[in-house]
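In: Could you look at this predicted model? Sequence included:
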Amino acid sequence: MGVVGVADALRAAGCVFAEEEAVLLLEQAPNPAELTDCVRRRVAGVPLEYILGWAEFDGHRMAVRPGVFVPRRRTELLVRLAAELISAEGGMSRGAVSGASPSGIATAVQGPRGNAFFDGVVVDLCCGSGAVGAALARRFPRAELHAADIDPVAVECARSNLKAMGGQVHTGDLFDALPHGLRGRVCILAVNAPYVPTDAIKTMPPEARVHEPHISLDGGADGLDFHRRVAAGAKDWLAPHACVLIETSEQQADGTAALVAAEGLAVTTVHSEELDGTVVVGSAHN
């Protein structure tokens, strides 16, 4: 079975990018029997990333496995904004990032930035595969990177992705997972917590609603349950003038921003048409 035959089978099953996926499956499968099995699984709706064992994120391949949330391209906005905040003027000193402002972070949607001298604490909360933490570690190799997730399967996957970068991965519920010694020291708190309203999960593509763990999708009745908890707890962990960045949807952005602002943080909301991503940034004043 060649590219055309695989692509035809995938297209008949509703795969939008059938040709591109066919090439990847042919590269993945070591023999015809394995290829047949890969195509069968993909036609049955198994996410391509689970079959390949990796997902592309921020220009790199991140290991993923069944039961782990697949990183989305829109989440690259979270990385770009965090990198912009660290790299902005005043952000090179130890443990400091510049405050969030529309003019200061809007340029982040244009692409990556890095800073070899930044050595503050970066936390990837609700890390899944650790894709956000890995992307920031590549830009800021001296940063003290921590990642956390409540799901042990995700934690093991993140450890495989972050070990070579020196990242520490913790298991637990939001801030309960983090070492107490990080309180008041976190410069960048990057959060991709579940934000799909419970009733909306049934409308998601089957790749997500059937194969990805609901714990990584379900944000409660309005999708903001985790954002409430993150907003309420963030200030205890942030260093002076540090920032929390929360991925949300364009429709939920006002709700997420209100929760962050209610905790006394200065709020900026950024949307990228290119990435179809939305992030609320909260900056500590102290």
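Out: Everything's here; your move.

In: Okay, now the unreliable bits of the chain?
Out: 89-116, 286 (pLDDT under 70).

In: Helices along the protein, start to end?
Out: 3-12, 18-28, 32-43, 48-52, 76-87, 102-105, 131-139, 152-162, 206-211, 225-234, 253-261 (DSSP state H).

In: Can I get these in CSV including mean neighbour count and distance to residue 241?
Out: Just so you know, the C-beta spots here come from the backbone N, C-alpha and C atoms, and that holds for glycine as well. Shown next, in CSV, are the helices of the chain (neighbours: other C-beta atoms under 10 Å; distance: least, C-beta to C-beta, whole Å):
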stretch, mean neighbour count, distance to residue 241
helix 3-12, 16, 49
helix 18-28, 17, 43
helix 32-43, 16, 47
helix 48-52, 21, 37
helix 76-87, 25, 10
helix 102-105, 15, 12
helix 131-139, 26, 18
helix 152-162, 21, 26
helix 206-211, 15, 37
helix 225-234, 20, 14
helix 253-261, 19, 16
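
In: Which residue, neighbours along the chain excluded, lies closest to residue 213?
Out: residue 67 (5.7 Å; C-beta to C-beta, 6 or more residues apart in numbering).

In: Over to residue 161?
Out: residue 130 (4.4 Å).

In: Same question for residue 177.
Out: Leaving aside its sequence neighbours, residue 177 sits nearest to residue 148 (C-beta to C-beta, 6+ apart; 3.8 Å).

In: Would you mind measuring from the one you found to residue 158?
Out: 9 Å (C-beta to C-beta, to the nearest Å).

In: which neighbours do these two share?
Out: Common neighbours of residue 148 and residue 158, counting by C-beta atoms under 8 Å, 6 or more residues apart in numbering, are 124, 127, 169.

In: Pick the one among those residues closest to residue 183.
Out: residue 124 (17.1 Å; C-beta to C-beta).

In: wait, doesn't the closest one sit right on residue 132?
Out: Yes. In this structure, residue 124 is within contact of residue 132 by C-beta atoms under 8 Å, at 4.7 Å.

In: which ones are touching the closest residue to residue 34 other than its chain neighbours?
Out: Leaving aside its sequence neighbours, residue 34 sits nearest to residue 28 (C-beta to C-beta, 6+ apart; 7.9 Å). Neighbour list for residue 28: 34, 38, 51-53 [criterion: C-beta under 8 Å, 6+ apart].

In: Just name the closest of those residues to residue 242, please.
Out: The closest of the contacts of residue 28, once distances to residue 242 are taken by C-beta to C-beta, is residue 53, at 35.1 Å.
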